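Chemist: Give me a model of this one.
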Amino acid sequence: MKIADLITWFEAWANPAWCESWDNCGWQIEPGVLHEKTRVLVCLTPTLAVMQEAIALNANLIFAHHPLIFTPPKSLRSGEAIAEMIRLAFTHNIGIYTDHTNFDQVQDGTADVLAQILELKEVTPIVPTQAGLGYGRVGLLEPFLTLQKLLAAIQTRLAPPHLIFSPTADLQQTISRVAVLGGSGASYISAVAKTGAQAYLTSDCKFHQFQESRDRNLILIDAGHYATERPACDRLVQKFQSLNLDWVKLSQKDEDFRQFFA
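Modeler: Numbering: from 1, shown residues only. Model (predicted):
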């Protein structure tokens, strides 16, 4: 399969036209690789480390969830990360393509994969955008779990370096309805509260957003940006493998940009 064919297949599933107006989905850098046989490296965030990995593996496409170019740069100067990425992309003929808010909405996208990891049933979007699609997912736990067991399951299945949750009086309370949204999802707290969910798994939550969630009787669980979105990258590799690509691999140089001092 040529790179152009892969992109056509992907955009029929997660159309970049669905991305938010503030977002930047689709081609970030296309140095003339459309008609090459696909050797794709999938990552969460395109960084210099991932680019060096792609060069070492002789990949010709970095398929990333996060955009390389988000805020339009006013200049490109030697030594700056984006400038170096662009220079290396053209030097080594490596394209960079981004799936972001379009991928967040679809089946087997970031939220849907989280719902599957927690084995939620009767799943629907938190905020529908079009038929069958939308941001986040909410569904039922079967069987129900105590909050303590739900937190333990999240820790085991996502392996975040740090798990934060709202203050609660009873870790043994029964949780039956859970909402999930990979990445920065605190702005959806109000929408989640309207779904009847008792707990909400997301990331990048601030101090007063935990307060807001508690005041809405919603248990807010922050597992970190990397841990909540990286599983969807792995799922994307699996879907690409089913297409019998020439070569596809999940990046081993992807980074969680936070460290926690023990």
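Chemist: Now the phi/psi pair for Leu181, please.
Modeler: Phi and psi for Leu181, reported as degrees, to the nearest 10, are phi -160, psi 120.
Chemist: Contacts only, for the nearest residue to it once chain neighbours are set aside.
Modeler: Across the structure, with Cβ to Cβ, 6 or more residues apart in numbering as the measure, the residue nearest Leu181 apart from its sequence neighbours is Gly136 (3.7 Å). Bear in mind the C-beta positions are built from the backbone N, C-alpha and C, glycine included. Residues in contact with Gly136, defined by Cβ atoms under 8 Å, 6 or more residues apart in numbering, are 111, 125-127, 179-181, 185, 188, 191-192, 202.
Chemist: all helices of the protein, in order?
Modeler: With helices called from DSSP state H, the chain shows them at 3-13, 48-56, 81-92, 101-105, 110-117, 147-158, 189-193, 207-215, 225-241.
Chemist: ok, residues contacting the last one?
Modeler: Contact with helix 225-241 is made by 6, 40, 42-44, 63, 65, 99, 103, 108-110, 112-114, 117, 158-161, 180-184, 201-204, 248-251, 254-258, as judged by Cβ under 8 Å, 6+ apart.
Chemist: Could you identify the buried members of those residues?
Modeler: Buried subset of the contacts of helix 225-241 (neighbour count, 16 or more other Cβ atoms under 10 Å): 6, 40, 42-44, 63, 65, 99, 103, 108-110, 112-114, 117, 158, 160, 180-183, 201-203, 248-251, 254.
Chemist: Among these, which are located in strands?
Modeler: Judged by DSSP state E, the subset of the buried ones among the contacts of helix 225-241 located in strands is 40, 42-43, 63, 180-183, 201-203, 248-250.
Chemist: Please verify my assumption that Val192 contacts Ala179.
Modeler: Yes. Judged on Cβ atoms under 8 Å, Val192 makes contact with Ala179 at a distance of 4.5 Å.
Chemist: okay, these two: which has more neighbours?
Modeler: Ala179 (30 against 27; other Cβ atoms under 10 Å).
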